[in-house]
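# Build the 3D model from these lines:
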Amino acid sequence: MNEGSFIYKIYTGLNVLYTCAIFNFLFLLGTILGFGIFGFGPSLLTIFHLSKKYHKKELNHPFSEYWKNYKKTFIRGNQIVLPIFISFFFILWNISLFLDEMTTVSLVFLSIIQILLMLMLFFACSLDQFYELNPIECLLKSLQFSIYNIIGSLLTILWTAMCFYGSLFLPGLFLFFTFGLWSIVTMGIHLRLFELNEVKLIQGGEEKEYGCEVVKASPDYQN
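Residues are numbered from 1 along each chain as shown. This is a model prediction of the structure:
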């Protein structure tokens, strides 16, 4: 099939929508099977794993790949995601409880902390797919990436906000497509950041710009 033809473009678009729908279904199913709070972390990590495979054109059997990785990362996923998840909602609970007593400065400060926690969550899921890190190192490096990569963080926030508000206006999109599309594009953004980080590590002396001077690239990333 000619890659420049209209039929090929239609086929590619439908294939992307189909992949997004599969990702959505698997994420929701994995979260439910883990009783919500315990299924969210491993399910999110596994969807990022599938997104990486998608970008590398290695995703041939998404269902079997999902369950294989979901079982493998169940404990690790909770070790990485639950601390961020609990911290985020603890701050949200405090804001709702003491909103009338809070000053504008404290409210803005707590909101910034929440955004930073959200970025840590997204970067941690991406970092886990590319680098050999234990859960604590993964959380620390996700904080570094969130702070040092301002453009990457802004792109991640902007894309997340677009998907979130798009889902509010068209609620059915979240159940079928939005989360899958969000994860694929987010992984694409982070993939580019990691490639830049690898270049800096190879060049030497400039790696602190990306905050990963002690990160060891995983064999899976190098393949």
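
# which SSE is the residue lying closest to K53 once chain neighbours are set aside in?
Spatial nearest neighbour of K53, chain neighbours left out: L59 (4.0 Å); criterion: C-beta to C-beta, 6 or more residues apart in numbering. The way it works is simple: take the backbone N, C-alpha and C, and place the C-beta from them, glycine included. Under the criterion DSSP states H and E, no helix or strand holds L59.

# among the helices and strands of the protein, which has the poorest mean pLDDT?
helix 219-222 (a mean of 44; mean pLDDT, DSSP states H and E).

# Next one: the residue nearest to G39 when sequence neighbours are not counted from T46, what distance?
Nearest residue to G39 in three dimensions, chain neighbours excluded: T31, at 4.3 Å (C-beta to C-beta, 6+ apart). As for T31, its distance to T46 is 10 Å (criterion: C-beta to C-beta, to the nearest Å).

# between those two, which one's more packed in?
Neighbour count, other C-beta atoms under 10 Å: between T31 and T46, T46 has more, with 27 against 19.

# residues contacting the more buried one?
For T46, the contacting residues are 26, 30, 66, 69-70, 73, 77, by C-beta atoms under 8 Å, 6 or more residues apart in numbering.

# Spatially central residue in this structure, please.
F122 (3.5 Å; C-alpha atoms, centre = their mean).

# That one: which element?
helix 104-130.

# Okay, buried residues for that helix please.
With burial defined by 16 or more other C-beta atoms under 10 Å, the residues of helix 104-130 counted as buried are 110, 114, 116-130.

# Check the spacing between L158 and I7 real quick.
To I7, L158 is 33 Å away according to C-beta to C-beta.

# Oh, that last question was meant for G77, not what I typed.
For G77, the distance to I7 - C-beta to C-beta - is 40 Å.

# More neighbours: which of those two?
Taking neighbours as other C-beta under 10 Å, G77 and I7 compare with G77 leading, 26 against 9.

# In terms of helices and strands, where is that one?
Per DSSP H and E: helix 74-97 holds G77.

# how about the helices in the protein?
Secondary structure of the chain (DSSP state H): helices located at 6-33, 37-55, 62-72, 74-97, 104-130, 135-148, 150-169, 172-173, 179-203, 219-222.

# highest average neighbour count across those helices?
Comparing the helices of the chain by mean neighbour count (mean count of other C-beta atoms under 10 Å), helix 37-55 ranks first with a mean of 23.

# Just to check, the residue nearest to K53 is in contact with I47?
No - in this structure, L59 is not within contact of I47 by C-beta atoms under 8 Å, at 11.5 Å.
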